[in-house]
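Trainee: With the input below, show me the fold.
(one chain, ligands or ions: 1)
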Amino acid sequence: MNRELSHQELIEASWQRCEHYGLQHNSQPTYGTLNQGDISVLLDQHHTLIHTTQKDVLPYYDHILSNSKCLILLADPNGHVLSTWGEQRFLQPHQTELKVGNQWVECGTGTNAIGTAIATGQAVQVGREEHFLRANRYMVGSAAPIFNTHKEMIGVLDISSDAYLPQDHTLGMVKLMTLTVENRLIYNAFAREHLLITFNTNISSLHSPWSGLIAIDENGRIISANRRAEILLAHNLALVEIEQIFNCHLHELRCQPEGIPLEVHAMGKYRIHLLVQKPKYNPLRVPDFRQTQQQPDTENSSARTNPDLPADVIPLNELEHGDQQMARMIKQASRIIEKDIPILVHGETGCGKEIFVRSLHYHSSRSKGALVAVNCAAIPTDLVESELFGYEKGAFTGANSKGSIGLIRKAHRGTLFLDEIGEMPGHVQSRLLRVLQERKVTPLGSTESYPVDIKLISATNRQLKQQIRTGEFREDLYYRISGLNLELPALRQRQDKSALITYIHQRLCDIHKEPFIPLSQDLLNQLTAHPWPGNIRQLTSVLSVALAMADGEKMEDWHLPDDFYDDLKNSCNTVFNASPDQVEKNAENKDELEIRIARLYQQMNGNISQTAKAAGVSRNTVYKYIRSGN
Ligand SMILES: Nc1ncnc2c1ncn2[C@@H]1O[C@H](COP(=O)(O)OP(=O)(O)OP(=O)(O)O)[C@@H](O)[C@H]1O
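Mentor: Purely as a prediction, here's the structure:
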C-alpha cells in the first residue's frame with residue numbers, strides 16, 4: 001500500500017502536475033460542462049450513490065452543517081459534479097462553476113479539493129491560497145474519495161466554503177461522511193439477505209462509521225467488507241471464512257441476539273467487540289421436506305422471486321399493507337406492464353408515484369433494459385425537445401459535436417418514465433405524440449428515423465383534463481398516454497396508514513442501522529391522525545428526524561419535529577389557527593370542536609394530554625368536552 005502523503009506533499013505534487021498540464025496561476029479554469037442529455041445519463045448511472053448520499057447519509061450531518069455556510073458536492077470519479085446540497089450563498093450570483101455537470105479535475109481547474117482527491121486517492125483540504133488557479137482562491141475545499149468494496153473509487157464527496165471553518169473539523173467530517181456512504185452502500189446491498197457484522201476494538205465506538213463492517217454469506221464466507229475492516233484486522237478479507245478471522249463459530253454468530261455486543265478474539269491476537277445484524281429476509285435456500293408445494297401467486301410472485309431487484313427498489317408487494325385501492329392498482333399495473341398499453345399515474349406530490357414506477361419497471365420483463373426517468377418540469381423548455389428526441393451532430397449552435405441519441409432512444413427495450421408530464425411544453429407534446437404513433441424517433445436536424453420499443457409510463461399531480469380545457473395539454477396526446485389510468489391515493493386516504501407507517505419506520509431503522517423498537521400505540525395514533533399534506537415523503541422525513549432524535553431509544557412524541565404538531569392542529573380544526581382560547585371562546589365552532597375532540601380522544605386512546613396537544617386546546621377544555629359528550 002502506498003504511503004499517505006502529508007498535506008504539504010499533496011499540494012506541492014499537485015502544483016507540479018498543474019505546471020506540467022501547462023496551467024498558469026492566472027489561467028481561466030475550464031469545466032468541461034456536460035449537456036443535459038449526458039447529465040441525465042450520468043445521474044442515472046450514479047443513481048444509487050446519489051440516492052444513498054442524499055437519503056441515508058446527509059440527514060445525519062444536517063445539524064452540523066446547517067450552522068456553516070458551506071456547499072456539499074458529490075462528484076463522479078471523473079470529477080463531474082453529480083449533486084450539490086446546502087448553502088450557495090458564498091458564491092456570487094454569476095458564479096455557476098460548482099453546478100451539476102461541471103468537471104473539477106486538476107488539468108482543467110488546477111489544484112482543487114475534488115480534483116486533487118481524485119488524482120491522489122487521498123482525502124485533502126485545499127485552502128484558498130493553495131488553489132493553483134487564482135480564479136479559485138475564493139474558497140476552501142475539503143474532499144475525500146468514496147471507494148467500493150473492490151477498492152475502486154466511485155465518487156468524491158466535497159465540502160466547499162468561503163468561511164475559514166476549522167480545518168480538521170471539515171476534513172474530518174468529510175472523511176466520516178464518505179465512510180458512512182461506503183457503509184450504507186454495503187448495508188443496502190447486503191442487509192436484506194446476509195448476516196452483517198460491525199466490529200471495533202472499543203465497545204463504545206461500535207456505532208461509529210469508523211467501525212469495521214463485513215457481510216457474510218450462508219456458508220460463513222466474507223463477501224463484502226469496508227475499508228476499516230481490513231485496516232482493523234490488517235488482513236485481506238475477500239472470501240475468507242469468518243471462522244478463520246474470529247475465534248467463534250458461525251453458528252454462535254447466527255444465534256447472537258441483535259444489539260448485544262459480543263467480545264471475541266480476532267486473528268488470534270486482537271480483542272474486539274462485535275454486533276451482529278441478521279438478514280431481514282431469510283432466503284430459504286435449503287428446501288425443507290415439510291414444506292408443501294405452494295401455488296405461485298401470479299400477480300405478485302415476481303416481487304418475491306426477483307433476485308435482481310436493486311436494494312433501493314421497494315418490492316411491489318411491500319407497497320401496500322391492506323389498502324384496497326393500492327392493492328387493486330398494483331394488480332392492474334402488474335398485468336398491464338407486460339402489455340403494449342401506456343400507464344398514466346396520477347397522485348398528489350410525495351404519494352409515491354416514482355417509487356411505484358421504479359418498482360413496476362424492475363418487476364417487469366424490461367428490467368434488464370433501462371428505466372429512463374425524465375422530469376419534464378426540470379428540463380429547461382428550450383432543451384426538452386433535444387433532450388428527448390436527440391439531435392444530429394451540429395444540429396444547432398451549442399449542440400454537442402458528437403450529436404446525442406436522446407432520452408427516448410435510451411429507453412429502447414426498457415421503460416420511459418415521463419414524470420410531471422403536465423409541464424411538457426406544447427410544441428414538444430406534438431412531437432411526442434408523433435413518436436408514440438409511429439414508434440420511431442427522428443432526432444433534431446436528421447432525416448433518418450429510428451424505431452423504438454418502449455414501455456411508456458407518465459405521471460402527474462396536475463389535472464390533465466382541466467389542462468386540456470384550458471388548452472395547455474393536447475387532448476390527442478392525453479388519450480395516447482392514458483391507456484391505464486391509476487390514481488395513487490394520498491397518504492391520509494389510505495386504509496393501511498398505520499401498517500404503512502410501521503413498515504416505513506422499520507425500513508428507516510434498517511437504512512439508518514438503528515435498532516427497530518416498535519412505536520408506542522399513542523405515537524402511532526398521532527401519526528395516523530396526521531393529515532400528511534406532503535404524503536409519504538413528509539412521513540419519511542418526519543420519521544427520519546424522530547429516529548435521529550431518539551438516537552437508538554424508543555421513539556417518543558417529543559422526538560417529532562414541531563411542524564408535525566402544527567399540521568396536526570391545523571387538520572384538527574381550521575379555526576385552531578387562532579389561539580386555543582379563541583377557539584374555545586368562539587361559540588359558533590363549539591359543536592365542531594366537540595366532535596373533533598371526541599374523535600381525537602378516541603384516536604389517542606383516551607390520552608388527555610395528547611388529545612389536547614393535537615386539538616390545540618388546554619387539557620381542561622378536553623375534560624370539559626369529554627364530560628359533556630358523555
Ligand atoms: N411505498 C413507499 N414506501 C416507503 N417509502 C415511500 C413509499 N412511497 C414513497 N416513499 C417515500 O416518499 C418519497 C417520495 O416518493 P416519490 O418521489 O415516489 O413521490 P412522487 O409522488 O413521485 O412525488 P412528486 O409528485 O413530488 O414527484 C420517496 O423518496 C420515499 O422516501
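Trainee: Run through the neighbouring helices and strands of the one helix or strand residue 430 maps to.
Mentor: Element membership for residue 430 (DSSP states H and E) is helix 426-438. Judged by 3 or more C-beta pairs under 8 Å, 6 or more residues apart in numbering; DSSP states H and E, helix 426-438 is in contact with helix 381-389, helix 475-481. C-beta coordinates here come from the backbone N, C-alpha and C atoms, glycine included.
Trainee: Moving C-terminal from it, which element do we reach first?
Mentor: strand 440-441.
Trainee: what's stretch 215-223 in contact with?
Mentor: Stretch 215-223 is contacted from outside by 186, 189-190, 194-197, 214, 224-225, 237-243, 245, 250, 253, 285, using C-beta atoms under 8 Å, 6 or more residues apart in numbering.
Trainee: if you set the cut-off to 7 Å instead, what comes out?
Mentor: Here stretch 215-223 makes contact (C-beta atoms under 7 Å, 6 or more residues apart in numbering) with 186, 190, 194-197, 214, 224, 237-243, 250, 285.
Trainee: That stretch: end-to-end distance?
Mentor: 6 Å (C-alpha to C-alpha, to the nearest Å).
Trainee: Same question for it: list its buried residues.
Mentor: 215, 216, 217, 220, 221, 222, 223 (16 or more other C-beta atoms under 10 Å).
Trainee: winner for burial among the helices and strands packed on helix 426-438?
Mentor: helix 381-389 (a mean of 19; mean count of other C-beta atoms under 10 Å).
Trainee: chain center to that one, what's the gap?
Mentor: Averaging C-alpha coordinates over helix 381-389 and over its chain gives two centres that are 26 Å apart (C-alpha atoms, centre = their mean, to the nearest Å).
Trainee: cool, and stretch 513-531?
Mentor: That offset, for stretch 513-531, works out to 22 Å (C-alpha atoms, centre = their mean).
Trainee: what number of residues lie near residue 324?
Mentor: 12 (other C-beta atoms under 10 Å).
Trainee: How about the contacts made by residue 58?
Mentor: 72, 85.
Trainee: how close does residue 309 get to residue 56?
Mentor: 18 Å (C-beta to C-beta, to the nearest Å).
Trainee: and the residue lying closest to residue 205 once chain neighbours are set aside, what does it touch?
Mentor: Nearest residue to residue 205, sequence neighbours excluded (C-beta to C-beta, 6 or more residues apart in numbering): residue 211, at 6.3 Å. Counting by C-beta under 7 Å, 6+ apart, residue 211 touches 198, 199, 200, 205, 228.
Trainee: Go through the residues you listed and name the one nearest residue 177.
Mentor: residue 228 (14.2 Å; C-beta to C-beta).
Trainee: Quick check: next helix or strand after the helix or strand where that closest one lies?
Mentor: Assigned by DSSP H and E, residue 228 falls within helix 227-233. Counting by DSSP H and E, the next helix or strand C-terminal to helix 227-233 is helix 242-245.
Trainee: Mind giving me the packing neighbours of that next one?
Mentor: helix 250-255 (3 or more C-beta pairs under 7 Å, 6 or more residues apart in numbering; DSSP states H and E).
Trainee: Show me the contact partners of the helix it packs on.
Mentor: Counting by C-beta under 7 Å, 6+ apart, 195, 197, 220, 242, 243, 276 sit against helix 250-255.
Trainee: Filter the residues you listed down to the buried ones and hand me the PyMOL line.
Mentor: Here is the PyMOL selection string for the buried members of those, based on 16+ other C-beta under 10 Å:
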select buried, resi 195+197+220+242+276
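Trainee: List just the nearest of the contacts of helix 250-255 to residue 5.
Mentor: Using C-beta to C-beta, the contacts of helix 250-255 come closest to residue 5 at residue 197, 32.5 Å.
Trainee: And the contacts of the helix or strand harbouring that closest one?
Mentor: Using DSSP H and E, residue 197 sits in strand 195-200. Applying C-beta under 7 Å, 6+ apart, the contact partners of strand 195-200 are 187, 190, 206, 211-216, 253-254, 272-279.
Trainee: which among those end up buried?
Mentor: With neighbours counted by 16+ other C-beta under 10 Å, the contacts of strand 195-200 contain buried members at 187, 190, 206, 211-216, 253, 272-277, 279.
Trainee: So which of the residues you listed reach the ligand?
Mentor: Checked against the ligand using C-beta under 6 Å from any ligand atom, these yield no neighbours at all.
Trainee: Looking at the residues you listed, which are in strands?
Mentor: In strands, judged by DSSP state E, the following of the buried ones among the contacts of strand 195-200 are found: 212, 213, 214, 215, 216, 272, 273, 274, 275, 276, 277.
Trainee: hmm, which helix or strand of this structure has the shakiest average pLDDT?
Mentor: The helix or strand of the chain with the lowest confidence, counting by mean pLDDT, DSSP states H and E, is helix 301-305 at a mean of 34.
Trainee: That one: what's the following helix or strand?
Mentor: Downstream of helix 301-305, the next assigned helix or strand under DSSP H and E is helix 324-336.
Trainee: Mind exporting the C-alpha coordinates of that next one to PDB?
Mentor: Provided in PDB are the C-alpha atoms of helix 324-336 (Å, rounded to 0.1, in the frame of the first residue of the first chain):
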ATOM      1  CA  GLN A 324     -57.900  -1.800  -1.200                       C
ATOM      2  CA  GLN A 325     -57.200   0.900  -3.800                       C
ATOM      3  CA  MET A 326     -53.500   0.300  -3.700                       C
ATOM      4  CA  ALA A 327     -53.900  -3.500  -3.900                       C
ATOM      5  CA  ARG A 328     -56.200  -3.000  -6.900                       C
ATOM      6  CA  MET A 329     -53.800  -0.700  -8.600                       C
ATOM      7  CA  ILE A 330     -50.800  -3.000  -8.100                       C
ATOM      8  CA  LYS A 331     -52.800  -5.900  -9.500                       C
ATOM      9  CA  GLN A 332     -53.900  -3.900 -12.600                       C
ATOM     10  CA  ALA A 333     -50.400  -2.400 -13.200                       C
ATOM     11  CA  SER A 334     -48.700  -5.800 -12.900                       C
ATOM     12  CA  ARG A 335     -51.000  -7.200 -15.600                       C
ATOM     13  CA  ILE A 336     -50.700  -4.200 -17.900                       C
END
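Trainee: and it, what other elements does it pack with?
Mentor: strand 484-487.
Trainee: burial count for residue 79?
Mentor: Residue 79 has 23 nearby residues by other C-beta under 10 Å.
Trainee: got the end-to-end distance for stretch 17-34?
Mentor: For stretch 17-34, the end-to-end distance is 24 Å (C-alpha to C-alpha).
Trainee: which secondary structure element contains the closest residue to residue 597 other than its chain neighbours?
Mentor: Distance criterion C-beta to C-beta, 6+ apart; nearest residue to residue 597, sequence neighbours excluded, is residue 625 at 4.5 Å. In the assignment (DSSP H and E), residue 625 maps to helix 619-629.
Trainee: Could you list the buried residues of that helix?
Mentor: 621, 622, 625, 626.
Trainee: What residue in this protein comes nearest to the ligand?
Mentor: Closest to the ligand within the chain is residue 352: 2.7 Å, counting by C-beta to the nearest ligand atom.
Trainee: just to revisit the earlier point, phi, psi of the residue nearest to residue 205?
Mentor: phi -70, psi 160 (degrees, to the nearest 10).
Trainee: gap between it and residue 34?
Mentor: 37 Å.
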